[in-house]
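*Asks:* What would the 3D arrangement of this be:
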Amino acid sequence: MKFLLVLWRVWFYFISSILVVLMFPLLALLLIFPNGYRPFFWIARNVWSRLVLLGMGFRMKKVFKTSLDPKKSYLLVANHSSYIDIMLMFAAAPNPFVFVGKKELVKIPFFGYLYKRAAIMVDRSSSKSRYGVYGRARKVLDKGYSVCIFPEKDYVDESILLNPFKKGAFRIAVEHQLPICPMVFLDCKRKFPWYTTHGYPGILRVDIHPPLPTAGLTESHIPELQQKTYDLIHSELVNDPQQKAMEAIEVWKKHTRVG
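*Replies:* Numbers count the residues shown, from 1 in each chain. Coordinates of the predicted model:
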């Protein structure tokens, strides 16, 4: 069983990488053009992410708990508990978006080249870089895209259900009066966790919740907005009828005790 799990994970890296390599010339060409991100996103959403999910034996089940305006920009936030979250976000997001992510990913061959030109990068060790995110986000919003951030401070500890959120995402939302759209990934922590000790194919459920308005809010409202978003996602994970995230924690604790 352990061998099959490792082989399954190796397959994930292979299929994710080979698709990027095969599509790299087209994707790199698209990003040369001022409006090239829209077809780039379409390919990432409808080809790359869906082929990776399908190739790993996953099927997405998306539940809208509200109707969203396809012409409106949002700040998309979700819990982050798996490498598969990137593909799932592309496939599940209601509107085209641009990721805000860490600068270190630029070092990945091929992917890093595209990432540098398609995402809003931030060097978390640099206050100048963190501050510059707000200006770069404005350029993205002016083009009609949404912005996506996984707001947890740390996320690789399998024993923690949901880590505290960083303020940066909510500062962007308030700065640009951007409604916050909470998304909950209910199954990733159990079916494709960070470590290779457990996991299995199946359905990945995504719940998309009504946006939290930010119109008229100021910097003083950020902690309250941050906590409200955290509480919503945490509550959904705890009260999930299938209890997959909670089950993942118990499986991990059992594994570490045995180990």
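
*Asks:* Quick check: next helix or strand after the longest helix along the chain?
*Replies:* Across the chain, the longest stretch assigned as helix under DSSP state H is helix 2-30. Per DSSP states H and E, helix 2-30 leads on to helix 37-43 as the next helix or strand towards the C-terminus.

*Asks:* hang on, the earlier thing: buried set for the longest helix of the chain?
*Replies:* Across helix 2-30, burial judged by 16 or more other CB atoms under 10 Å covers 8-9, 12, 15-16, 19-20, 23, 27, 30. Where you see a C-beta, it was placed from the backbone N, CA and C, and this is true even at glycine.

*Asks:* Dihedrals phi and psi, I208?
*Replies:* Note on I208: backbone dihedrals following degrees, to the nearest 10 are phi -110, psi 120.

*Asks:* which strands and helices sit next to the longest helix of the chain?
*Replies:* Under the contact criterion of 3 or more CB pairs under 8 Å, 6 or more residues apart in numbering; DSSP states H and E, helix 2-30 touches helix 37-43, helix 49-55, helix 111-118.

*Asks:* Quick one: these as TSV, columns for mean neighbour count too.
*Replies:* Converted to TSV, the helices and strands packed on helix 2-30 look like this (neighbours: other CB atoms under 10 Å):
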stretch	mean neighbour count
helix 37-43	16
helix 49-55	17
helix 111-118	17
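
*Asks:* Would you convert these into TSV that also reports distance to K253 and mean pLDDT?
*Replies:* Listed next are the helices and strands packed on helix 2-30 as TSV, based on distance: least, CB to CB, whole Å; pLDDT from 0 to 100:
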stretch	distance to K253	mean pLDDT
helix 37-43	39	96
helix 49-55	28	98
helix 111-118	33	90
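
*Asks:* So for D207, which of the ones you listed sits nearest?
*Replies:* With CB to CB, the closest approach to D207 among the helices and strands packed on helix 2-30 belongs to helix 49-55: 17.2 Å.

*Asks:* ok, residues contacting the helix or strand just after the closest one?
*Replies:* Note on helix 49-55: by DSSP H and E, the next helix or strand toward the C-terminus is strand 58-64. Outside strand 58-64, the residues within contact range by CB atoms under 8 Å, 6 or more residues apart in numbering are 53, 84, 88, 91-92, 94, 191-192, 201-208.
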